[in-house]
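Novice: got a predicted structure plus its sequence, pasted below:
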Amino acid sequence: MIEKVKHKGLALAILAAAQFMVVLDATIVNVALPAIQKALHFHGESQLQWVVTAYALAFGGFLLLGGRLADLFGRRKLFLAGVVVFALSSLLAGLAQTPMQIIVLRALQGIGGALLSPAALSLVLTIFKEGPDRNKALGVWSMVAAGGGAVGLLLGGLLTQYADWRWNFFINVPIGILVFWSALRSVPASLPQARQRVDYLGAVTITGSLMSLVYGLAKAADAGWGATSTLISFGIAAVLMATFIVNELRVQHPLISLSIFKRRNVSGGTIIQLLMPAAMFGMFFYLSIYMQQILGYTPTMTGVANLPFTLTIMVIAGVLSRKITKVNPKAVLTIAPLFVAAGLLYFARIPIHANYFTDILPGTLLMASGMAAVFVTATMATTSGVSHKESGLVSGLLNTGQQVGGAIGLAVLTVVSTAATKSELLRNGAAGQVNALVHGFHQGFVAAAVIAVIAGAVALVVFKVHKPSEADLAQEAETEAEALAAIPGA
């Protein structure tokens, strides 16, 4: 049950503004990474990647729990709590003085996003009943998600260059205050469901396992695979993952019903949503550093240079969404990752002195085209045939997969690029430092291309061809509106 809404449009605007804040933060930080690295004295890319990874892991790790808590304790309560956590952690992140401080606060930002994002979408779906009104509302929601990615890239560059990188975080504070005050007045409260036990152990063990895994990968880049710290991290990750699986099989109300993975399309879609962001997060991370530290681009130029990626995704996703009933989803999911791989391999040849229009833009357009096709089609193919009762779980899995996959993928690619850079430095000495760094980027892009090819192979082997029905498409629109925000730059 939900209170009567006097001004639905105003309520939608408030909820969309909060989602805009979360999406903005997914991209605005990428452009500021070199400035953050210099100001807080990060030791190389293996440590710097945690500015991105901590947010993604916390967001993905607690997203399912956030959605569950919103249902049990009231959507507006969780939404307001998420806004407070997000705005406060943004303020403190802007004041950070050490790498550890900003990493911890980025994780706290992710938790805030995991609380407010599913609650906000649930409120939208509750306020607007199924039909034309809901479709329009979800269209606005998706536009905000896509626009937030584009604005984040450009605004991140402007703030970093003309104000200070800290304003990339401070900007969330006034937005958060305005959203909180407005939501108290105009967003309806929902009655909580009958109280059930919340699977806190499941949320903590899965998130702890993933963080320990990524930490082990980060240590491997510096200390080596056989180092005690690396092995201990992997061991903790394995124990926590085993605990999570046992817990999910035993508890009455699990965080994730593992039986859902018996469905081939759900399993295949989840794997693809793990693999594709793994390839894409690396692109944003490496290109931001490459363009500013190697090519000498200003932060604003870097933001503008990344805009074609976002705009291409918006155009192709919009066209494909209208034509989806006429395409073979399995064929798209098999071929589209190859476009992404081709774009990454194009980046694997970037020179020290590059021309944007010949050395960067073609790879950007290839990647964006493939990612847009994968995103729209995977969402539809994974949710088709799933009951409305289960669609929330599947939607959560897709969102979680995107965040977690991106975090783990970035960690793996950092291991590859760092090892390649160190090897090149040993071969040529410190005089070849720039060459060594670019060589490391090359190897990172190649590894990302391999990940994209594996995603295409998964689609070929696992997915079953299923022509979507009208009901499938209506359900897919809801899931797509939520999932779009999880992709940096989308």
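Specialist: It's in. What you see is a predicted model; the values in this text were computed from it and never measured.
Novice: now residue 353, what's its secondary structure?
Specialist: What DSSP: H, G, I helix; E, B strand; the rest coil gives for residue 353 is coil.
Novice: measure the residue nearest to residue 85 when sequence neighbours are not counted to residue 335 for me?
Specialist: In space, and not counting its chain neighbours, residue 85 is closest to residue 112: 3.4 Å by Cβ to Cβ, 6 or more residues apart in numbering. Glycine gets a C-beta too; all of them are placed from N, C-alpha and C. As judged by Cβ to Cβ, to the nearest Å, residue 112 and residue 335 stand 38 Å apart.
Novice: before we move on, back to that, and the residue nearest to residue 85, what pLDDT?
Specialist: On pLDDT, residue 112 comes in at 93.
Novice: I'd like the next helix or strand past the strand or helix carrying it.
Specialist: Assigned by DSSP states H and E, residue 112 falls within helix 99-127. Counting by DSSP H and E, the next helix or strand C-terminal to helix 99-127 is helix 132-162.
Novice: residues contacting residue 360?
Specialist: 287, 291, 305, 347, 350, 354 (Cβ atoms under 8 Å, 6 or more residues apart in numbering).
Novice: narrow those residues to those in helices?
Specialist: 287, 305, 347 (DSSP state H).
Novice: any stretches of this structure with poor pLDDT?
Specialist: The model of the chain has pLDDT under 70 over residues 1-6, 130-131, 142, 145-146, 191-196, 324-325, 384-392, 430-431, 465-490.
Novice: quick one: contacts of stretch 341-350?
Specialist: When contacts are defined by Cβ under 8 Å, 6+ apart, stretch 341-350 is touched by residues 279, 283, 286-287, 290, 359-360, 362-368, 370, 438, 441-443, 445-446, 448-450, 452-453, 456.
Novice: same deal with stretch 212-228?
Specialist: Contacts for stretch 212-228 (Cβ under 8 Å, 6+ apart): 44, 46-47, 49-50, 53, 57, 229-234, 236-237, 240, 407-408, 411-412, 414-415, 418-419.
Novice: got the contact list for residue 187?
Specialist: 11, 14, 15, 76, 79, 123.
Novice: apply 10 Å and report the result again.
Specialist: Going by Cβ atoms under 10 Å, 6 or more residues apart in numbering, residue 187 touches 2-3, 5, 10-12, 14-15, 18, 75-76, 79-80, 120, 123, 127, 179.
Novice: ok so, going back, can you redo the contacts of residue 360 as TSV with neighbour count?
Specialist: Below are those laid out as TSV (neighbours: other Cβ atoms under 10 Å):
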residue	neighbour count
287	24
291	24
305	21
347	26
350	20
354	16
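Novice: isn't residue 337 right up against residue 278?
Specialist: No - taking Cβ atoms under 10 Å as the definition, residue 337 is not a contact partner of residue 278, at 11.4 Å.
Novice: how is the protein partitioned into domains?
Specialist: What automatic domain parsing lists as the domains of the chain is 1-196, 199-252, 259-490.
Novice: work out the gap between the shortest one and the centre of the chain.
Specialist: Computed by Cα atoms, centre = their mean, to the nearest Å, the separation of domain 199-252 from the middle of its chain amounts to 20 Å.
Novice: returning to what we had before: just the ones in helices from the contacts of residue 187, please.
Specialist: Among the contacts of residue 187, DSSP H puts 10-12, 14-15, 18, 75-76, 79-80, 120, 123, 127, 179 in helices.
Novice: just the buried ones from those residues?
Specialist: Buried by 16 or more other Cβ atoms under 10 Å: 11-12, 14-15, 18, 75-76, 79-80, 120, 123, 127, 179, out of the ones in helices among the contacts of residue 187.
Novice: looking at those, which is nearest residue 258?
Specialist: residue 75 (26.2 Å; Cβ to Cβ).
Novice: now stretch 341-354: buried residues?
Specialist: For stretch 341-354, burial by neighbour count (16+ other Cβ under 10 Å) applies to 341, 342, 343, 344, 345, 346, 347, 348, 350, 354.
Novice: how about stretch 143-153?
Specialist: The neighbour-count check on stretch 143-153 (16+ other Cβ under 10 Å) flags 144, 145, 146, 147, 148, 149, 150, 151, 152, 153 as buried.
Novice: tell me which element the closest residue to residue 290 other than its chain neighbours is part of?
Specialist: Counting by Cβ to Cβ, 6+ apart, residue 441 is the residue found nearest to residue 290 once chain neighbours are left out, at 5.8 Å. Secondary structure assigned from DSSP H and E places residue 441 in helix 433-462.
Novice: list the buried residues of that helix.
Specialist: Within helix 433-462, the residues that count as buried by 16+ other Cβ under 10 Å are 436-449, 451-456, 458-459, 462.
Novice: packing partners for it?
Specialist: Counting contacts by 3 or more Cβ pairs under 10 Å, 6 or more residues apart in numbering; DSSP states H and E, helix 433-462 is packed against helix 45-48, helix 264-289, helix 329-347, helix 361-383, helix 388-428.
Novice: quick check: angle from it to helix 264-289?
Specialist: Orientation check (axes from the mean of the first three to the mean of the last three Cα atoms, to 10 degrees): helix 433-462 against helix 264-289 gives 170 degrees.
Novice: what's the distance between helix 433-462 and the middle of its chain?
Specialist: Distance of helix 433-462 from its chain centroid, counting by Cα atoms, centre = their mean, is 18 Å.
Novice: report the angle between that helix and helix 329-347.
Specialist: 170 degrees.
Novice: just use 461 as the starting number from now, easier for me
Specialist: Shifting the count to begin at 461 puts that one at helix 893-922.
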